[in-house]
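Student: what follows is a protein structure lacking sequence information:
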């Protein structure tokens, strides 16, 4: 091996690390906000959408944080389900005898 080959082999770039995907982080943040702030429609639905995009990026090899994305999706669905339950409760209560009963 010549001196030039040795110098270029030592200066070779290290292998590229997995890119960290921000979609998973945003999904987690929106999912937590949807549970804590009880904003199912405003933050739960975006958490589901962004989380699914993040999971798709993981499957494509563009990211490595599927756990964060999946957690955001689950929290988003829990928030939406809680909102639906509250709406159903209010409607049933109203139909059963009005808000004063």
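Tutor: Perfect, I can see it now. Everything numeric in this text was worked out from a predicted model, so none of it was measured.
Student: nearest residue to residue 29 in space, please, no chain neighbours.
Tutor: residue 72 (7.5 Å; Cβ to Cβ, 6 or more residues apart in numbering). In short, each C-beta sits where N, CA and C put it, glycine included.
Student: residues contacting the one you found?
Tutor: 24, 26-32, 47-48, 50-51, 54 (Cβ atoms under 8 Å, 6 or more residues apart in numbering).
Student: packing partners for the helix or strand hosting residue 31?
Tutor: Element membership for residue 31, per DSSP states H and E: helix 22-36. When contacts are defined as 3 or more Cβ pairs under 8 Å, 6 or more residues apart in numbering; DSSP states H and E, helix 22-36 packs onto helix 45-59, helix 66-97.
Student: now do it against helix 45-59, angle only.
Tutor: Comparing the axes of helix 22-36 and helix 45-59 via axes from the mean of the first three to the mean of the last three Cα atoms, to 10 degrees yields an angle of 150 degrees.
Student: what's the neighbour count on residue 30?
Tutor: Residues within reach of residue 30, counting by other Cβ atoms under 10 Å, total 25.
Student: touching, it and residue 44? I think so.
Tutor: Yes - counting by Cβ atoms under 8 Å, residue 30 does reach residue 44; the two are 7.5 Å apart.
Student: let me see the contact set for residue 79.
Tutor: Counted by Cβ under 8 Å, 6+ apart, residue 79 has contacts 31, 34, 35, 38, 39, 40, 43, 44, 47.
Student: among those, which ones are buried?
Tutor: Those of those that meet the buried threshold are 31, 34, 35, 39, 40, 43, 44, 47, by 16 or more other Cβ atoms under 10 Å.
Student: let me see the contact set for the residue nearest the centre of the chain.
Tutor: Taking Cα atoms, centre = their mean, the centroid of the chain lies closest to residue 27, which sits 2.3 Å from it. For residue 27, the contacting residues are 47, 48, 50, 51, 54, 68, 69, 71, 72, 73, 76, by Cβ under 8 Å, 6+ apart.
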